[in-house]
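Undergrad: no sequence on this one, just coordinates:
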């Protein structure tokens, strides 16, 4: 018997300050401003209005980002005298860097306590800083609980919220990234669809397709379209590379949408995978992995192949590390010791753990 889990940890040691705001609407607003700033500084030619707006956004976002100038200058002067003097993108080389906010010792301990509570042999992680963070966290806070780890720095997102994996008894086999997949000349994935072969002690292999889809961003049609394109590409990969040729595979991660949504429909209707909640007939009111503005929703998933579905022996959502566990005692969820609300929570997400007879 082995256990497979997926968990959006929302980083391990530190996090982009812009993502550490308490309210998701405020995060979305700031990210929209960053996107506007990026579009402005990428222009071939800056008008007077462009220059004024670049300066205004740079000032407004100063707690969250800095513009790094590697060659040439976008700005000259300091303080009130700081102004845009570049005439366009060709005058300088550089880009937007996200400032990071360190977690408190208590937050790190709570994240570690939650990972220990999950106690998975295969732990799929969403929003990690990279391989060094996984290595250090395993050594310093998990007492080398895991024998192997993996993260690939996505070229699609500079914020240090990459996909990761911890392995306890299985070992790493084949790895494939899909970060560079394109459709109509545009990148498909916000981070990646990371394919990983886990070689089990039994000699069999379990293949994972680890994902973190585009966020909703105020429910904009553009984000919905992007998310649906990502789901469709994952469904296509499953059909082309796994269905009918490989027995044990699972699509896992944070899909940033609900099971009945349009963007997730390419996966929800695929004949090649099933949500583990459907496999075990989990009650509808016990599938939620995320709480926001009074809504309990499932946005995290483990979807398994038909052969793997036959091996499922139990499914559980672990919510003890969420702020809602402390904020709403009427839910009957006992928070982990030390979790008192948002500022000390391990993550806003619950973890899904699946027991497999493998």
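TA: Done, it's in. What you see is a predicted model; the values in this text were computed from it and never measured.
Undergrad: low-confidence stretches in the stretch 101-250 of the chain?
TA: 218 (pLDDT under 70).
Undergrad: 90 instead, please
TA: Within the stretch 101-250 of the chain, the stretches with pLDDT under 90 are 101-106, 129-130, 132, 152-161, 215-223.
Undergrad: how close does residue 66 sit to residue 101?
TA: To residue 101, residue 66 is 14 Å away according to Cβ to Cβ, to the nearest Å. In this view, the C-beta of every residue, glycine as well, is placed from N, C-alpha and C.
Undergrad: what does residue 191 give?
TA: Here the criterion is Cβ to Cβ. By it, residue 191 lies 20 Å from residue 101.
Undergrad: one more: residue 290?
TA: Remark: distance between residue 290 and residue 101 (Cβ to Cβ) = 21 Å.
Undergrad: neighbour-wise, which of these two wins?
TA: residue 290 (21 against 15; other Cβ atoms under 10 Å).
Undergrad: who does the more buried one bridge with?
TA: residue 297, residue 349 (DSSP bridges).
Undergrad: pLDDT wise, what is it at?
TA: pLDDT for residue 290: 96.
Undergrad: does it really touch residue 348, like I thought?
TA: Yes. Proximity of residue 290 to residue 348 meets the contact threshold set by Cβ atoms under 8 Å, at 6.5 Å.
Undergrad: how about the residue nearest to residue 291 when sequence neighbours are not counted, secondary structure?
TA: Nearest non-adjacent residue to residue 291, counting by Cβ to Cβ, 6 or more residues apart in numbering: residue 324, 4.3 Å away. Assigned state for residue 324: helix (three-state reduction, DSSP: H, G, I helix; E, B strand; the rest coil).
Undergrad: what distance do you get for residue 324 to residue 11?
TA: 19 Å.
Undergrad: looking at these two, which one has more neighbours?
TA: The neighbour comparison of residue 324 against residue 11 (other Cβ under 10 Å) goes to residue 11, with 26 against 20.
Undergrad: is it true that the more buried one touches residue 125?
TA: No. With contacts counted by Cβ under 8 Å, residue 11 stays clear of residue 125, the gap being 9.9 Å.
Undergrad: from residue 308, how far out is residue 106?
TA: 37 Å.
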